[in-house]
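S.K.: Provide a 3D model corresponding to the input given below.
(2 chains)
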Amino acid sequence: MKKRFLIWDNPKDAIISLTLLLMLVGCINVFSASFVEARDMFEDGYYYLKRYLIFGAAGLMLMLWLGFRAPSYKTWLNDFWLKAIYFGVGSLLLLVDLIGTTNKGAQRWLYVGGISIQPSELAKIAVILLGAALLGEMLRKRQSISLLNKDTVWPFVGTVIYGILVLKQPDMGTAAIIVALMVGLYILAGLRLREVVGLLGILGAVAVAGAIMAPYRLQRVKVWLDPWSDEANTGYQMVQSLMSIGSGGLTGLPWGQGSGKFFYLPEAHTDFAFAIFCQEWGLLGAAILISVFLLLAAAFFRIAMNTKDERGFILVSGVSLLIVGQAVANMAMVCGLLPVIGVPLSFISYGGTSMLITLASIGLVLSVYRDECKREKLERLSPDTRRTQMRVVSPAEGRWQR
Amino acid sequence: MKKFSLQNGKKRFAIIGLLIFFGFGTVFLRLIWLQVIQNEELARRAANQVTGKVTKYSPRGAILDCNGEELAVSIMSKSLYVDPVEMQDNPTKKGEKPERDVKRLAADLLAGVLQMKADELYADFTTEARFIWLKRTMEPKEAAEVERIIRENKLPGLHFLEESKRYYTKKSMAAQVLGFVGTDDNGLSGIELALDSVVKGAETQQQEVVDALGRPMGDSGFNKARPQKMASVYLTLDSKIQFVLEDALDKAMKDTKAASAAVILMDPNTGAILGMANRPSFDPNTFYKYPATSWTNRAVSTIYEPGSVFKPIVGVMGLTEKIITPTTMINDTGSIQIADRTIRNWDGEGMGLVPFQDVIKFSINTGMVQLGMQLGAQRMIDYSKKFGFGSVTGIELPGEEEGILYNPDHMYQPDIATMSIGQGIAVTPLQMLRAICAIANGGELLQPYIIDKIVMPDGRVLRQGQKKVVRRVMSEEVAAQMRGMMEKVVAAGGGKAAGIKGYRIAGKTGTAEKLAETGGYAAGKYIASFVGFVPADKPQYAMLIMLDTPQGAFYGSQVSAPVFRDTLQQILVAKGIQPSSSEGLPSFEQHVRNNPAVNSTVPPPAKMPQMEILADGKIKLPDFSGLDMRQTAELIQQGRLVLVPHGSGRARKQSQPPGTVVAEGTKLEIWFE
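M.R.: Predicted structure coming up:
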């Protein structure tokens, strides 16, 4: 495989440096977007910045460990780990519904030793691992994948259970992402197109039915199309977001001086952090940020395209969908293109658990790349030496395979 | 059907990737629409919503004494108000806890901090009004506590406004001069009233950037408009002198049980008021807790019959009109009959043939009446007007009285007679003192003033108080003659009690029957006063002390003159004014000459002791022994203490032993030998 990736020696370096760049931008923006609220709530303007840095450091260590030191990603896809992860996260989700911490009308957090974790974020990576293990295996076996076949529907069912638990919190946004993520993986693994169309059809029908049954949903659609029509109430957040973005102009306001975060724009440092970013960095800043996400996507794409392992492919494309797919969804929502459901913008939105799992999932991508490099190296060698190399180079792997 | 392979998956991924790419493209186009095409419109809307009218209050200007010591200062403090309509939680969203009774909760939580009854608060919260003050100008600690409660419980509808709160740093000192300020920063009396427009905190409406809760974006760098600072008023008052006066009045009130009292200390050469105190008094920090009568600045707002204190003025009339000279012989018969009235000396005794200077010296009524009758009504009234009686002095204090003068056309003979002994004329203490100051300074009637300067925050002096001569009311010669006579009053006459060893003091006592509020005189009620200046030959301080209705002893010579002595003794020492004669006061050189042993063995101390000012502002007393009076006074001044000296020479004993820790302003008695 061609190693060079644009200005980087290889996609791995590209991913690491782009990730660090995003984290830098993220902590600057999170600080700017949160210091007013933090000062008001915690009497410490640096409250969120500090947490961002702590979670960022922990996440980076996790990423590097998974990418370079930990056993191959395949380890986590074996029967034991998969079950452990799936049921572990599942019970955390159940726990949240039972004893979770309520904030802004929803139970989303668990407090463990002074740290709040958001299990619905963990569900995202669990779903990717589930997809990679089961769908990847089906893809390798060239199984015909259908949601109507009980042999191939399991990953979907498992995800829907997650979705229901998350929906109970209630967190419709994350529930939708989790299920959509799995559907995406199904599509990549070869879900028949007519089933895809069918799913979309069902979704549309449910949406229409919902709108007819509850008029307030229709109102939401109306507000989405024209937030200015209900500027003070249901359209408030959208209008504030648009004003924040719009007032940024081409080059943005001086850093820290965007007005949105002064309690005007709700969720200024979380789901709507992109609006604050646009206000303070302008169209130029936004273009650069989008480019960084695109470059990251391209690097993921390169790795996905080069991998010969079906499970690795599903894993990398799942992570791509998670990070870049969420990014485009978040941006589209913040600037009013899509109706708003709670989708974070990785690294730019504040969220400790989200950052941890994002960095961990990038670590898994790096792990896939590491395995690919190893495989290529072996392929280049003569068949004779290959066998000895296999033993000498990765004894640990051998042990896991036993 | 062809089996789906990894390659097919990758193709699908490429398509999804393309979709994502187009997604970003759409976002970018949308951003161009918002940030370039709609930029102006959206920026205008954003700017509109963050622009709020904010009322800025600047703290009221400070009032300071002539040395820049703060007497009244203002700081911005928070006032709490409630908007009862806002005081409810947002309609319950699904999944949220049931609505709480915010009003009840807030009332219960705040009652303790605000020291109000919870039910009263609750009553306020349940009205239809949109703005109710709960507590104004709160102490910073209190406000912080309330803020914490509001934040922790997310109580809606409670807001703060910044208001200026006045602090009178020296409590009741010079209370009537300073006056006080009401809750809306309105000066209600004294200097606060007179200069209200100058010191009043500015209230400026400013367009300001505010957050979504209507608060200015304080420390964020948006906030360019800072409240302006107000002018500071420097008074001619000297805190140290004022302190001595206040202290002396406290003592006098205790000793004499007088109904009220006033004292004024003036610089006779400039007209500057150096001290002005009144009793009863009040603490302007909590003026509302005191009866309104205690707010009166009696020094300028009460009128009384001066009695004998007025005699030097009449004497000056006689000298100027050349009716008499100090040596003109006058026959004192003990009593004198004018028409249907008999006027007696205080003791009814006659001294026979005496020179006029003794008439003043012993305050002989019969002599004064003889002079008055020769002057006649017209001249007496004209001169009185010239001396400033019957019209306000124009000092910058509110509520000044004009006093009452006869219409000369309506004066009967007995009226002329009584006016010549200071009755039948009503004056304010300040009018009286300023007339005496004209004698002290060589004949110029001055406009008294109490505002030294008004300084703008940028250092510009808005107004500078200065000596202003109203008119010359007597020749230098006449003034000198009258000073001589008044000096004799203290040296050997009726004002002996005012004497301070070593200093030449001129003065005049006075005891007048008090005017009853119903008209006529109040039986058994007297106003005892003393007016004087020091040093008699080159006056630096002139002082008037007036005690209204002292119990027991009521003669000015008995009750008022000692106040003069006690206060000026401290002031003279504190100000380092040297005794004019060393009679009975051996100087250091003499002392050494006379006691060679002193020179060789004991003092002066090897090292000049120091006042040790501790961290908390308290002072540790050194050992004063061996120091002369000047060195002692210097030290005492460093520590802002009050020195009560006894004797003269070198310090031998001090009332509090060395090492005692005392507060600023403590009285320290030192015995000199």
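
S.K.: what's around residue 332, how many residues?
M.R.: Going with chain A. 20 (other Cβ atoms under 10 Å in any protein chain shown). Every residue, glycine included, has its C-beta placed from N, CA and C.

S.K.: my bad, the chain I had in mind was chain B
M.R.: So B:D332, with other Cβ under 10 Å, has 21 neighbours.

S.K.: so how far is B:V369 from it?
M.R.: Distance of B:D332 to B:V369, computed by Cβ to Cβ, to the nearest Å: 10 Å.

S.K.: what's the answer for B:L155, then?
M.R.: Look at B:L155 and B:V369: by Cβ to Cβ, they are 78 Å apart.

S.K.: Any idea which residue is closest to the centre of chain B?
M.R.: B:A174 (3.2 Å; Cα atoms, centre = their mean).

S.K.: Now for that residue: which residues touch it?
M.R.: B:71, B:235, B:237, B:242, B:246, B:275-277 (Cβ atoms under 8 Å, 6 or more residues apart in numbering or on different chains).

S.K.: buried stuff in stretch B:158-174?
M.R.: Buried residues in stretch B:158-174, counted by 16 or more other Cβ atoms under 10 Å in any protein chain shown: B:158-160, B:162-166, B:168, B:170, B:172-174.

S.K.: Who does the lengthiest strand in chain A pair with, and is each partner parallel or antiparallel?
M.R.: Ranked by residue count under DSSP state E, the longest strand found in chain A is strand A:106-112. Using DSSP bridges, strand A:106-112 pairs in its sheet with strand A:101-103 (antiparallel), strand A:115-117 (antiparallel).

S.K.: how distant is it from the center of its chain?
M.R.: What separates the centre of strand A:106-112 from the centre of its chain is 19 Å, taken as Cα atoms, centre = their mean, to the nearest Å.

S.K.: Most proximal residue of the stretch 301-450 of chain B with respect to chain A?
M.R.: Residue of the stretch 301-450 of chain B nearest chain A, by Cβ to the nearest Cβ: B:P398 (46.0 Å).

S.K.: again with the stretch 351-500 of chain B
M.R.: B:P457 (29.0 Å).

S.K.: Can you classify that residue by secondary structure?
M.R.: Secondary structure, DSSP: H, G, I helix; E, B strand; the rest coil: B:P457 is coil.

S.K.: And the strands in the stretch 501-650 of chain B, which stretches?
M.R.: B:506-515, B:521-534, B:541-548, B:612-613, B:619-620, B:642-646 (DSSP state E, counting those that start in this stretch).

S.K.: Can you tell me which of these is nearest to A:F313?
M.R.: Ranking these by proximity to A:F313 (Cβ to Cβ) places strand B:612-613 first, at 81.8 Å.

S.K.: And the strands paired with strand A:106-112, which one averages the lowest pLDDT?
M.R.: Note on the strands paired with strand A:106-112: lowest mean pLDDT is at strand A:101-103, with a mean of 67.

S.K.: for the chain, which spans come out with low pLDDT?
M.R.: Just so you know, I chose chain A. A:1-2, A:101-106, A:113, A:382-402 (pLDDT under 70).

S.K.: Let me rephrase: I mean chain B.
M.R.: Residues of chain B meeting the criterion pLDDT under 70: B:1-2, B:54-57, B:90-99, B:203-208, B:214, B:216-228, B:517, B:519, B:581-607.

S.K.: any idea whether the residue of it found nearest chain A is helix, strand or coil?
M.R.: For chain B, the residue closest to chain A is B:L42, as judged by Cβ to the nearest Cβ, at 2.5 Å. Following three-state DSSP, B:L42 is assigned to helix.

S.K.: The closest residue in space to it that isn't next to it in sequence: helix or strand, and which one exactly?
M.R.: Spatial nearest neighbour of B:L42, excluding adjacent residues (Cβ to Cβ, 6 or more residues apart in numbering or on different chains): A:G246 at 2.5 Å. Element membership for A:G246 (DSSP states H and E) is helix A:236-248.

S.K.: Ramachandran coordinates for residue 280?
M.R.: Picked chain A for this. Dihedral pair for A:E280: phi -100, psi -20, per degrees, to the nearest 10.

S.K.: residues in contact with it?
M.R.: Taking Cβ under 8 Å, 6+ apart as the test, what A:E280 contacts is A:29, A:32, A:248, A:252-258.

S.K.: distance of A:P266 from chain B?
M.R.: In this view, A:P266 and chain B are 9 Å apart by Cβ to the nearest Cβ, to the nearest Å.

S.K.: Test my guess that that residue contacts A:V239.
M.R.: No. With contact defined as Cβ atoms under 8 Å, A:P266 does not reach A:V239; the gap is 11.2 Å.

S.K.: between the two, who's got more neighbours?
M.R.: Neighbour comparison, A:P266 and A:V239: the larger count goes to A:V239, with 23 against 15 (by other Cβ under 10 Å).

S.K.: I'd assumed A:D226 was in contact with the more buried one.
M.R.: No. Using Cβ under 8 Å, A:V239 makes no contact with A:D226, being 10.1 Å away.

S.K.: can you confirm B:K135 is in a helix?
M.R.: No. Read with three-state DSSP, B:K135 is strand and lies in no helix.

S.K.: Quick one: neighbours of B:D83, just the number.
M.R.: 15.

S.K.: List the contacts of it.
M.R.: Contacts of B:D83 by Cβ under 8 Å, 6+ apart are B:130-131, B:157, B:159.

S.K.: Is it possible to mark the buried ones in these?
M.R.: For those, buried by 16+ other Cβ under 10 Å: B:157, B:159.

S.K.: what about the residue lying closest to B:F21 once chain neighbours are set aside, which helix or strand?
M.R.: Excluding the flanking residues, the one nearest B:F21 by Cβ to Cβ, 6+ apart is A:L294, at 6.9 Å. Using DSSP H and E, the element containing A:L294 is helix A:273-306.

S.K.: Next, the buried residues of that helix.
M.R.: For helix A:273-306, the neighbour count (16+ other Cβ under 10 Å) marks A:273-283, A:285-286, A:289-290, A:292-304, A:306 as buried.

S.K.: quick one: A:L129 is in a strand?
M.R.: No. A:L129 sits outside any strand when classified using three-state DSSP, being helix.

S.K.: In chain A, which residue sits closest to chain B?
M.R.: Across chain A, no residue is closer to chain B than A:G246, which sits at 2.5 Å (Cβ to the nearest Cβ).

S.K.: burial of the closest residue to B:E634 other than its chain neighbours, as a residue count?
M.R.: Nearest non-adjacent residue to B:E634, counting by Cβ to Cβ, 6+ apart: B:G576, 7.7 Å away. For B:G576, the neighbour count with other Cβ under 10 Å is 11.
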